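A.B. asks: Quick one, structure for this:
(3 chains)
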Amino acid sequence: MGVKRRPSTFVLKVNPILCDGFGHCAELAPELVNVDEWGYPIIRQEPTKINNAGAYESAKYAVRGCPRQALQIEKITDAQP
Amino acid sequence: MLALTSPYFWYTTRATGMVALILFTIVVTMGTLVANRVGGTYVGRFEINELHRSLSIVAMLFLVIHILSTVLDSYVSTGLISAIAPFTSSYRRLPVAIGTIAFDLMLCVWVSSLLKVRIKNSSWRFIHWFSWLAFASAAAHSFLTGSDSHKPWGLAVIGLCVLVVALAGLWRFFGRPVRAAGRTALSPLARAPLAKTSNSRPASSQKVVRRR
Amino acid sequence: MIAPSSLPRLIHQTTRRPLTLVEHEQAFSSSGEVVDALKELEASGLMGRGGAGFPTHRKVELLRSQRSRTKYVVVNAMEGEPASHKDRSLIAANPHLVLDGAEALAAMIGAKHIAVCVAREFSTTINHMERAIHERQRRSQRGPLIELHTPPGRYVAGEESALVHWLDDNQCLPQYRPNRPNVLRIGQGVVLLDNAETCANVGLIARYGAEWFRSLGTSLHPGSLLVSVTGAVSHPTVMEVAAGTPIRQILEAAQADRDPQALLLGGYSGEWISGRNIDLSFDNAALKTVNASVGAGIIFVLPKSGCGIGEIYNIVRWMANESARQCGPCAFGLPSMADDLGLLLAGSKEAGAALRRLNEQASQIDGRGACHHPDGVVRFVRSSLRVFEDDIRAHASGRPCAGARGPRFATVPRLERGDELVWE
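C.D. replies: Purely as a prediction, here's the structure:
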């Protein structure tokens, strides 16, 4: 009855048009981002728990550190009752 | 206007000016290192980026102290307005004006970078290119104003800074990485014609879509 | 006059030139029974004919729920797919059908502007459409303002976000749209974008109702489809068929090769099906069983004398060239896949490694572009690897098939050099 749900998981999303393959995200958040042979990020698709503090911090650093501001953290709220 | 007569203001101006120039040289060089994707094996690319960002704050700090001490000093009559508006100083009008221009440009670059998350990426990049012009103005200002640039060591420092940035600029251009996002754009001459209806409508009718 | 009761519906009563407005109104006089066009559209179950097959009424509902003051209807007649001719044929037969539908959609969502987009290379189509718009304007100054726009005819220019980007900012480059469902925008206004054939069907539904529309086709895939048949045919044909017609019948009617090696459905970003499956009916439910779909109604016929790898190589090489090059995985990955296919075609020593690399890169590139161009190419390559497995194995072990050095059946436009590419 109107209970506020806090987001429990998050996903890192990249804007592929802005991304220029600098690769800072892979250095700052290696548990979430891998780099392909041309230097562009391959990001983990499965949502990560927000209380996984290490991963969440890394994600925030990656968003801040991207030279093209191409990353965003998308928080997902669980749809459970 | 508060104008103190201590000679230390004058010394501070000259000293912080020199230091700011050196720091900005390093900042510009680090920027080139970031753009040319240096690092990844021994030093992280993100580390170079962070250094670039942090150093720019320190350099800006020295620049601000340089300007403040100039303004506060009564030995030379530059008002506070000369910090932002060029050609308003009665003391060495042209060199100070060039310095003011350098500061204005640098301020734009700096503020746009602080607000990087809020502004469009293309706007940020456009403004950031002006950092090269800002440095050139700063170097010219150092040389022309230079109470110290007459002396050999002053000249050597300025010359070295200019040389380093010039080399960095050349490397930035010739050593730039192959980009995927290098889509070719047509020349403006070949733009598409606008809507092709034979309009029997009155001229006041609104165009369907915006054209920039 | 009674509603056209059987096929053809869209290409009904054609002459050698497009129908004029008067002729169109005589041929398609309203039956007067349709009261609520929107309800009829929902009941009809019309699915988009541009390739994605999204239910049209859901798009309309989404646009109706938008509170924006300015709304646009955009008709996509770009037809950037080289194997497709249906939109051009439709406009050459009767452009007023398309405009009827566009006006019906504009009325449903409350739009006052309609933009019809035709690729600037199709001068005949542009002329037909211009004349039709002019006829309408001469008849009545009321109603939505219809304009014709002519973006450059790139493959990705027909992608909906690229088309809207062109109308907004003069650059036909796809945009990043992370939130689904995402409404297209031009400035502050929202956009309903539909394929030309979809619009034509909407126009007919608004005249004759959902029951009439559903009288042809299957229950899950109702209505008629325009099908472009190319490849091993005497000449490329566009036909109107009821959804659910067996493919064999379509091939016979088009006078195509009756015993093909394989068929490519859905154009150059679609899927192959083996020639053994031509008895399947041409609707989404049946084609799903062989991992294919109707798409934009394109059937490319590859005869037994053709070389699948050769066709695939040409197609992927061209698709790689058509990339907007905005995103790294597409700009670098597609040319790399094309090169690997070239090695496979030649049957060189590295063919085995090339095949492995092809599989890896397909998984890597999938889904990592802003638009679905790389996804389409990956889907195409994966279906090729499945359907032409034996042929590929032969090529990979250094024994290319007989057709490898023969002529190609798929028409692929000339590859342009980098400096010739037109994006604005």
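A.B. asks: mind showing which ranges of chain A have poor pLDDT?
C.D. replies: Scanning chain A for pLDDT under 70 picks out the ranges A:1-3, A:79-81.
A.B. asks: could you redo the last one with a cut-off of 90?
C.D. replies: Residue ranges of chain A with pLDDT under 90: A:1-8, A:20-22, A:36-39, A:45-46, A:48-53, A:76-81.
A.B. asks: Next to chain B, which bits of it? Give me the list.
C.D. replies: Within chain A, the residues that sit near chain B (Cβ under 8 Å from any Cβ of the partner chain) are A:17-18, A:20-24, A:27-28, A:38-39, A:61, A:65, A:67-69. The way it works is simple: take the backbone N, C-alpha and C, and place the C-beta from them, glycine included.
A.B. asks: Go ahead and flag the most central residue of chain B.
C.D. replies: For chain B, the residue nearest the mean C-alpha position is B:Ser131 (2.6 Å; Cα atoms, centre = their mean).
A.B. asks: Confirm that it sits in a strand.
C.D. replies: No - using DSSP: H, G, I helix; E, B strand; the rest coil, the assignment for B:Ser131 is helix, not a strand.
A.B. asks: which non-adjacent residue is nearest it?
C.D. replies: B:Val109 (4.8 Å; Cβ to Cβ, 6 or more residues apart in numbering or on different chains).
A.B. asks: Tell me where chain A has strands.
C.D. replies: A:9-14, A:33-35, A:41-43, A:48-49, A:71-76 (DSSP state E).
A.B. asks: In chain A, what residue lies closest to chain B?
C.D. replies: A:His24 (4.2 Å; Cβ to the nearest Cβ).
A.B. asks: contacting residues for that residue?
C.D. replies: Residues in contact with A:His24 (Cβ atoms under 8 Å, 6 or more residues apart in numbering or on different chains) are A:62, A:65-67, B:44-46, B:49.
A.B. asks: could you dump those to JSON lines with distance to C:Ser123 and neighbour count?
C.D. replies: Output for the contacts of A:His24, formatted as JSON lines (distance: Cβ to Cβ, whole Å; neighbours: other Cβ atoms under 10 Å in any protein chain shown):
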{"residue": "A:Ala62", "distance to C:Ser123": "50", "neighbour count": "25"}
{"residue": "A:Gly65", "distance to C:Ser123": "51", "neighbour count": "22"}
{"residue": "A:Cys66", "distance to C:Ser123": "45", "neighbour count": "25"}
{"residue": "A:Pro67", "distance to C:Ser123": "45", "neighbour count": "22"}
{"residue": "B:Gly44", "distance to C:Ser123": "55", "neighbour count": "17"}
{"residue": "B:Arg45", "distance to C:Ser123": "50", "neighbour count": "22"}
{"residue": "B:Phe46", "distance to C:Ser123": "53", "neighbour count": "25"}
{"residue": "B:Asn49", "distance to C:Ser123": "51", "neighbour count": "23"}
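A.B. asks: Beyond whichever helix or strand C:Met239 is part of, next helix or strand please.
C.D. replies: Using DSSP states H and E, C:Met239 sits within strand C:237-242. Going down the chain from strand C:237-242, the next helix or strand is helix C:247-253, by DSSP H and E.
A.B. asks: Which elements pack onto that following helix?
C.D. replies: Helix C:247-253 sits against strand C:224-231, strand C:237-242, strand C:298-302, with contacts defined as 3 or more Cβ pairs under 8 Å, 6 or more residues apart in numbering or on different chains; DSSP states H and E.
A.B. asks: which one of the ones you listed is the most hemmed in?
C.D. replies: strand C:298-302 (a mean of 27; mean count of other Cβ atoms under 10 Å in any protein chain shown).
A.B. asks: what inclination does it have with respect to strand C:237-242?
C.D. replies: For strand C:298-302 against strand C:237-242, the angle by axes from the mean of the first three to the mean of the last three Cα atoms, to 10 degrees is 120 degrees.
A.B. asks: May I have the strands that pair with strand C:298-302, each with its orientation?
C.D. replies: When sheet partners are counted by DSSP bridges, strand C:298-302 sits next to strand C:224-231 (parallel), strand C:262-265 (antiparallel).
A.B. asks: Looking at the closest residue to C:His373 other than its chain neighbours now. What's its pLDDT?
C.D. replies: With Cβ to Cβ, 6+ apart as the criterion, C:His373 has its nearest non-adjacent residue at 5.6 Å, and that residue is C:Val156. As predicted, C:Val156 sits at a pLDDT of 90.
A.B. asks: May I have the phi/psi pair for C:Val156?
C.D. replies: For C:Val156, the backbone dihedrals (degrees, to the nearest 10) come out as phi -80, psi -10.
A.B. asks: Count the neighbours of it for me.
C.D. replies: 23 (other Cβ atoms under 10 Å in any protein chain shown).
A.B. asks: was I right about it contacting C:Ala324?
C.D. replies: Yes - at 5.2 Å, C:Val156 counts as touching C:Ala324 under the criterion of Cβ atoms under 8 Å.
A.B. asks: so what sits against both of those two?
C.D. replies: C:162, C:173-174, C:371, C:373.
A.B. asks: Among those residues, find the lowest-pLDDT one for me.
C.D. replies: C:Leu173 (89).
A.B. asks: Show me the one of the strands of chain A that comes nearest chain C.
C.D. replies: strand A:9-14 (6.1 Å).
A.B. asks: Now do the closest one: which elements does it pack against?
C.D. replies: strand A:41-43, strand A:48-49, helix A:53-65, strand A:71-76.
A.B. asks: Would you mind saying which of those lies nearest C:Cys307?
C.D. replies: With Cβ to Cβ as the criterion, C:Cys307 lies closest to strand A:41-43 of the helices and strands packed on strand A:9-14, at 33.6 Å.
A.B. asks: Show me where chain B has its strands.
C.D. replies: Counting by DSSP E, chain B contains no strands.
A.B. asks: Can you name the residue of it nearest to chain A?
C.D. replies: Closest point on chain B to chain A, by Cβ to the nearest Cβ, is B:Phe46, at 4.2 Å.
A.B. asks: and stretch B:82-101, average pLDDT?
C.D. replies: 83.
A.B. asks: how long is that stretch from one end to the other?
C.D. replies: Taking Cα to Cα, to the nearest Å, stretch B:82-101 runs 10 Å from one end to the other.
A.B. asks: List of residues touching it?
C.D. replies: Against stretch B:82-101 from outside (Cβ under 8 Å, 6+ apart): B:67, B:71, B:76-79, B:81, B:103-104, B:137-138, B:140-141, B:144-145.
A.B. asks: Please indicate which of those residues are buried?
C.D. replies: B:67, B:71, B:76, B:78, B:103-104, B:137-138, B:140-141, B:145 (16 or more other Cβ atoms under 10 Å in any protein chain shown).
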